[in-house]
Structures are given as C-alpha cells and as structure tokens.
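>>> no sequence for this one, just the structure:
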C-alpha cells in the first residue's frame, strides 16, 4: 500500500491528502481490473487495510461514485455492471470527443511526447507478441496518457480518460482475444504515425477509425449483438 500503517490524527488538510492517496490507489486497481465485478468495497474494511480512519477512505469512495467508477449499495460499493447499450453510449461519446482531442494533440505534439508514444507502442507490440495481457494494458494506458497530455483543453482530456476507464472492466476480458489485441496494436500504430507527422486532420481520422474498430472488436469478442440490455461481458 502507498499509505502509512497506523491511523494518524487528521487535520482537514491531512484528511484531504489521505483521501487523495486512497483515491489514486483505488483508481489504479480499477483501471487494472483488480476489483472484481461482484466485489464489495466496504469503507471500514478498506480503512483497516490502509491503516486509516474511515472518513478519508469514504471520501475517496464517494469521489469514485461521483465520477462513475463505482456505485453505492446497501453493502458497500461496487463496480457498475454495464449493459451493452451503456457501452454503446460510452463509445458514442468517445467517437464525438476523441477525434477532436487527437487533432489538438497532433498540433501540439512535442518531441518528448513522441518519444513516450514510441516507447509505449513498442512495449504494446512486444507484449502482444508474448501474449502478455497485463503489460499490454499498461502500455496502452501509457500511450493514451502521452497523447492526452498534449491536449490543450484539460477538461476534454479528463473527460476522455474517465469514459475510457468506464469500459475498462469489460474491455479487460475481451483483450484476452488475440484478434482484438491485434486490432488495438494496428490502431495505435496508425495513430503514432499521424502524431509523428503532427497532422491534425490525419490524427482525427485515425482516432475516429480506432474508436469504431475498438467498438466493433469489443462487441465481437464479447459475443454481444443487437440492442441487448444484459451485462456486456464475455
């Protein structure tokens, strides 16, 4: 854990700082699929594990609820079960936002960001070849963070991060399919080339195609067709 082992005496500022650390730790676990769909997150139990009092942990959990990562239940907090229409809605939002964001990033691309993109892409390709799903997920996240870091509108970038994260739990299962991973790697390669060219129009088009391909691959791997309302999981 990133936190101390004993509960401190908290000032308001200290509580905010601790809540931020708990939030970051839990968000990382959610992004990496380390919270099972049926797992209950109970503030008292988490606080005991972190060595903290209950309030900063509850503050972090409520923030994750407000951002759509968790929902509250009578027995704690859990990851929401997304239906196929929920996932389609999220992809529609991404299709509206990400091409414009990619164009913005391409126009402001730095040498440092390009280096980070190249490193992440190479790692993603290596992990795909080795069937190393966990490393591929991390590399994919690093690629996304690198280009979103060049988007001037930070609220736009943060919104994209959030909606991508919302389908992370169900996407993790589909990335076990090699064909789906190949589509992701190919899409990242095209995006990298567009960013290297610092071409906003090309980056926008590549991102639109990437989101469309990702949506099609997602539902194909998950075995979901048509306007179904059940959980979109494989």
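Happy to help now that I have it. Note that the structure is a prediction, hence the values are computed from the model and not measured.

>>> return the residues in contact with residue 123.
Applying C-beta atoms under 8 Å, 6 or more residues apart in numbering, we find residue 123 in contact with 135, 138-139, 142. Every C-beta, even on glycine, is put in place using the N, C-alpha and C of the backbone.

>>> can you give the domain ranges for the protein?
The chain is divided into the following domains under automatic domain parsing: 12-78, 84-222.

>>> how far off centre is the first one?
I take that to be domain 12-78. Mean-position distance between domain 12-78 and its chain equals 17 Å (C-alpha atoms, centre = their mean, to the nearest Å).

>>> name the stretch among the domains of the chain that sits most buried.
The highest mean neighbour count among the domains of the chain, using mean count of other C-beta atoms under 10 Å, belongs to domain 84-222: a mean of 18.

>>> would you map the strands across this protein?
71-73, 76-78 (DSSP state E).

>>> now the first one: mean pLDDT?
The average pLDDT for strand 71-73 rounds to 93.

>>> pLDDT at the closest residue to residue 150 other than its chain neighbours, what is it?
Computed as C-beta to C-beta, 6 or more residues apart in numbering, the closest residue to residue 150 that is not its neighbour in sequence is residue 105, at 4.0 Å. Note for residue 105: predicted pLDDT of 99.

>>> could you do the one 5 residues further on as well?
On the pLDDT scale, residue 110 is placed at 98.

>>> again, but for residue 8
Confidence score, pLDDT, at residue 8: 41.

>>> could I get the strands of the chain as a markdown table with distance to residue 18?
What follows is those, written out as a markdown table (distance: least, C-beta to C-beta, whole Å):
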| stretch | distance to residue 18 |
| --- | --- |
| strand 71-73 | 21 |
| strand 76-78 | 18 |
